[in-house]
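Undergrad: Below are the sequence and a predicted model for it; my questions follow.
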Amino acid sequence: QVQLVESGGGLVQAGGSLGLSCAASIRTVSRYAMGWFRQTPGKEREFVAAISWSGDSTSYADSVKGRFTISRENAKKTLYLQMNSLKPEDTAVYYCAADLNQWRVAMSKRDAFDYWGQGTQVTVSS
């Protein structure tokens with residue numbers, strides 16, 4: 001009933017840019033908020049960015065503000081994350097997530113999200 005598939009990860013040099021996409025197949029609800037999280041080995045999965053259904057509410061982790069931009073195309077059921085000025089500390093597995101409980105607010109708490117993609121690796125070399 002719910003499937004999230006990320007794409008676009010890869011290797012990039014510090015200072016470079018990379019764009020991630022997440023194709024969503026969600027049949028249980030018609031509107032939902034979405035977000036991006038990331039995780040490195042031995043660490044908890046951390047919030048990166050989130051967006052409401054309409055896109056008028058967004059939130060970002062302090063570590064990525066001004067460098068990353070979250071967006072979505074509801075007609076294509078696709079979520080995006082544009083990452084600019086990448087740093088080695090941005091290296092992680094990036095996960096797409098869906099919050100099916102509400103659609104008006106861009107939540108930043110991990111437990112607000114019900115479903116997760118399989119993740120895509122982003123590696124930033126120094």
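TA: That came through fine.
Undergrad: just how off-centre is the helix or strand where residue 48 lies within its chain?
TA: Using DSSP states H and E, residue 48 maps to strand 46-51. Relative to its chain's centre, strand 46-51 lies at 6 Å (Cα atoms, centre = their mean, to the nearest Å).
Undergrad: pLDDT on the next helix or strand after it, on average?
TA: Helices and strands here follow DSSP H and E; after strand 46-51, the next one along the chain is strand 58-60. If you average the pLDDT over strand 58-60, you get 97.
Undergrad: Strand 58-60 packs against which elements?
TA: strand 46-51, strand 68-73 (3 or more Cβ pairs under 8 Å, 6 or more residues apart in numbering; DSSP states H and E). Yep, even glycine has a C-beta here, placed from its N, CA and C like the rest.
Undergrad: okay, those in CSV with mean pLDDT, distance to residue 110 and mean neighbour count next?
TA: Conversion of those to CSV gives the following (pLDDT from 0 to 100; distance: least, Cβ to Cβ, whole Å; neighbours: other Cβ atoms under 10 Å):
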stretch, mean pLDDT, distance to residue 110, mean neighbour count
strand 46-51, 98, 7, 23
strand 68-73, 98, 16, 17
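Undergrad: Need the ones you listed in a markdown table (columns: distance to residue 83).
TA: Below are the helices and strands packed on strand 58-60 laid out as a markdown table (distance: least, Cβ to Cβ, whole Å):
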| stretch | distance to residue 83 |
| --- | --- |
| strand 46-51 | 9 |
| strand 68-73 | 5 |
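Undergrad: OK, contacts around the one residue sitting closest to the centre of the chain?
TA: By Cα atoms, centre = their mean, the mean C-alpha position of the chain lies nearest to residue 36, the distance being 2.0 Å. Contacts for residue 36 (Cβ atoms under 8 Å, 6 or more residues apart in numbering) come out as 20, 22, 48, 49, 50, 70, 79, 81, 94, 95, 96, 97.
Undergrad: swap in residue 109?
TA: residue 47.
Undergrad: what helix or strand does the residue nearest to the centre of the chain sit in?
TA: With DSSP H and E as criterion, residue 36 is part of strand 33-39.
Undergrad: Alright, I will stop here.
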